[in-house]
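A.B. asks: Any chance you could fold what I've pasted below:
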Amino acid sequence: MHYPTDIYEMSSGNIFFIDKRNFRIRKIDNYGMITTVAGDGQDAPTAYDQPANSTSMLKEIYALAVNNEEELFTSD
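C.D. replies: Residues are numbered from 1 along each chain as shown. Have a look, this model is predicted:
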């Protein structure tokens, strides 16, 4: 992790956060396993037509929000 921000702990025990300098959104599950849920670790050119999944590239993640269903909302 490099410069984690916007940390959210859910009622399920899962934790979501921005791994800002690694250009990823990460999740820590109840067992301590860290997984990437968005971003591929590469600084991206500005692109507006890519899906937000683990194969997409993120540029500069400014904010993260997570609802009760653990759906992610971010500004990039």
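A.B. asks: Within the helices and strands, which one has the residue most central in space within the chain?
C.D. replies: Among the residues of the chain, the one closest to the centroid is residue 25, at 1.4 Å (C-alpha atoms, centre = their mean). For residue 25, the host element (DSSP states H and E) is strand 24-28.
A.B. asks: Quick check: the gap between the residue nearest to the centre of the chain and residue 10.
C.D. replies: Distance from residue 25 to residue 10, counting by C-beta to C-beta, to the nearest Å: 14 Å. For every residue, glycine as well, the C-beta is placed using N, CA and C.
A.B. asks: list residues touching both of the two?
C.D. replies: Jointly contacting residue 25 and residue 10 under the rule C-beta atoms under 8 Å, 6 or more residues apart in numbering are residue 16.
A.B. asks: picking that back up, beyond the strand holding residue 25, next helix or strand please.
C.D. replies: Next along from strand 24-28, by DSSP H and E: strand 34-38.
A.B. asks: any idea how far residue 63 is from residue 72?
C.D. replies: For residue 63, the distance to residue 72 - C-beta to C-beta - is 11 Å.
A.B. asks: Looking only at neighbour counts, state which of these two leads.
C.D. replies: residue 72 (15 against 11; other C-beta atoms under 10 Å).
A.B. asks: hang on, isn't the more buried one packed against residue 39?
C.D. replies: No. Contact criterion C-beta atoms under 8 Å: residue 72 and residue 39 do not qualify, at 11.2 Å.
A.B. asks: so what sits against both of the two?
C.D. replies: residue 25.
A.B. asks: which non-adjacent residue is nearest residue 20?
C.D. replies: Leaving out its chain neighbours, the residue that sits closest to residue 20 by C-beta to C-beta, 6 or more residues apart in numbering is residue 3, at 4.3 Å.
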